[in-house]
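Engineer: Below: sequence and its predicted model.
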Amino acid sequence: MDLLHYAPPANWMNDPNGLVFHNGRYHLFFQYNPEGADHANMSWGHASSPDLVRWEDHPVAIAFDADEDIFSGSVVADEEGTAGFGKGALLAFYTSHSKRAAHQAQSIAYSVDDGETWAKYEGNPVLDRGSSDFRDPKVVRYTGPGGPYWVLVAVEAIDQQVLFYRSDDLLTWTFLSAFGPEAAAGGIWECPDLFPLRVGDGDDVAWVLLVSTHPGGPAGGSATQYFVGDFDGVTFTPHVHRPPIGADDEGMRSLPWLDHGHDCYAGVTFSGLGIDDRILIAWMSNWLYAAELPVDPAAPQRGAMTMARRLSLVDDEGTLRLVQVGIVPDVAETATITAERIEGLVELPLTVPPVARIDLLVDLGGADGFALALGRDRQTCVELRYERATGRLLVDRSRGAEALPGAYSTQAEVTLGQRERVGLTIWLDAKGIEVFADGGRSVITDLTPSPPFPHAWLKGVGGAVIVEKLTVSG
Ligand code: FRU
């Protein structure tokens, strides 16, 4: 069973929308085409879960019609009923993408049965600036000095700006400020999110602004950058101002990226949880090739979600960095290797289960690096490599991907720095691989072309390495 990466039983899916924890369940809405496996007829699909691992599918929540597609957005619970839809009503903020004109504005749908059925608000749109590319509203409750009130963040996609608005009743919105362009500006900006996070275990809190951008990501195409800073209820100020840089600029790869892989886009977090429960899900694909990926003819389907991940902030010598930990199914250990010296290429004496976790700790000894390959055979595998000289961790899924779009075959990489010992936690299933390095500070998520991955090979490059510990679970 595919437990790591949610996908609907059929049809097209892209961004997660309206992530909300309400009455003990996690709700995942998503960009969905009820009529096919292409990006069209955008509606909000719906699944829910008690634990972010076992998902139950629900009917389409908000459907496209002759006038509009239902683009991305968010959900909040209006516990006080201030918007007039009743106490505890769920309010979905989505982008009305006009089918008749180049026009996008923010609209509301509401649900009084815990997200099962939705009605559009008659006063839509609630926020319209006459723009063709104003979208992806994320509504959050601001409770800091001067609050509480509601804040809506949305993008002017082409201007590479995040706009902030304020409301007391969730219906009337007034402009607060704009942020951007800054840092990764090689493409349009999409799907912003804004939230406070505790720094380490202390009392200090910093604000994180997520901005997805396409193209211009570190592996090419789509990716999500993050800014850490302060939000005073009006303005977001990053701790470090970075000038806007394009996709080809040196330094682009070393920006703070949520994920350095090809396939982690439009990631946003759940509302309805406390400050220490900031949980993100992203779309596991890339606009470079999402529409060209093969579909299973039995159930034409394209698109999956990343695993849910819990976010926290650590202070690394004055720099606040996001740390991600997967929220994952219970798995049991199936194989362990300890204190094994590996010289040259060795096939490991184990079988990787179809849904697997691999924990690996390698001591480089005198070697230049190591490679771990997972796959059916040496021609059809995903290879992870660490190079001591450059400090890079690479994920190469090009073998066995010959039939897939060209952009699919590039490598993903992240610079970890020069290390004597490298520890990785790897999750994989039939859809893809998620590699967490440096305790979750660096992540690479990639769709993978040719599952399953029953075999594993390890290679010491330029010398022998010591596998201090390798554990496989499934
Ligand atoms: C991001 C995005 C959003 C938009 C949605 C349309 O992947 O382009 O900006 O609302 O997808 O499906």
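Structural biologist: Yes, it's here. Residues are numbered from 1 along each chain as shown.
Engineer: Around the ligand, which positions in the stretch 301-450 of the chain sit nearby?
Structural biologist: Residues of the stretch 301-450 of the chain lying near the ligand by C-beta under 6 Å from any ligand atom: none. Heads up, the C-betas are built off the backbone N, CA and C, glycines and all.
Engineer: show me the contacts for the residue in the stretch 201-350 of the chain positioned nearest to the ligand.
Structural biologist: Of all residues in the stretch 201-350 of the chain, the one sitting closest to the ligand is residue 266 (4.5 Å; C-beta to the nearest ligand atom). Contacts for residue 266 (C-beta atoms under 8 Å, 6 or more residues apart in numbering) come out as 14-16, 72, 190-191, 212, 222, 224, 282-283.
Engineer: If residue 459 is in a bridge, with which residues?
Structural biologist: Beta bridges link residue 459 to residue 345, residue 371, judged by DSSP bridges.
Engineer: neighbours of it, just the number please.
Structural biologist: Residue 459 has 18 neighbouring residues, counting by other C-beta atoms under 10 Å.
Engineer: again with the one 4 residues further on
Structural biologist: Residue 463 sits with 15 neighbouring residues when counted by other C-beta under 10 Å.
Engineer: Then residue 172?
Structural biologist: Other residues lying near residue 172 total 12 when counted by other C-beta under 10 Å.
Engineer: Of the contacts of residue 266, which are in range of the ligand?
Structural biologist: Near the ligand, judged by C-beta under 6 Å from any ligand atom, the entries from the contacts of residue 266 are 14-15, 72, 190-191.
Engineer: Check which helix or strand the residue of the stretch 201-350 of the chain closest to the ligand maps to.
Structural biologist: Element membership for residue 266, per DSSP states H and E: strand 265-269.
Engineer: Residue 436 contacts residue 425, doesn't it?
Structural biologist: Yes - assessed by C-beta atoms under 8 Å, residue 436 is found in contact with residue 425 at 4.5 Å.
Engineer: anything in contact with each of the two?
Structural biologist: In contact with both residue 436 and residue 425: residue 326, using C-beta under 8 Å, 6+ apart.
Engineer: How about the residues of the stretch 1-150 of the chain by the ligand?
Structural biologist: Proximity of the stretch 1-150 of the chain to the ligand (C-beta under 6 Å from any ligand atom) is limited to residues 14-15, 31, 42, 71-72, 95, 135-136.
Engineer: Save these as a markdown table, and put in pLDDT too.
Structural biologist: Supplementary listing: these in a markdown table, determined by pLDDT from 0 to 100:
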| residue | pLDDT |
| --- | --- |
| 14 | 98 |
| 15 | 98 |
| 31 | 99 |
| 42 | 98 |
| 71 | 99 |
| 72 | 99 |
| 95 | 99 |
| 135 | 98 |
| 136 | 99 |
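Engineer: Buried only: go through those for me.
Structural biologist: Buried by 16 or more other C-beta atoms under 10 Å: 14-15, 31, 42, 71-72, 95, 135-136, out of these.
Engineer: and the residue nearest the centre of the chain, what is it in contact with?
Structural biologist: For the chain, residue 282 is the residue whose C-alpha lies nearest the centre (C-alpha atoms, centre = their mean; 2.7 Å). Contacts for residue 282 were tallied using C-beta under 8 Å, 6+ apart; they are 16, 224, 258-259, 264-268, 305-306, 445.
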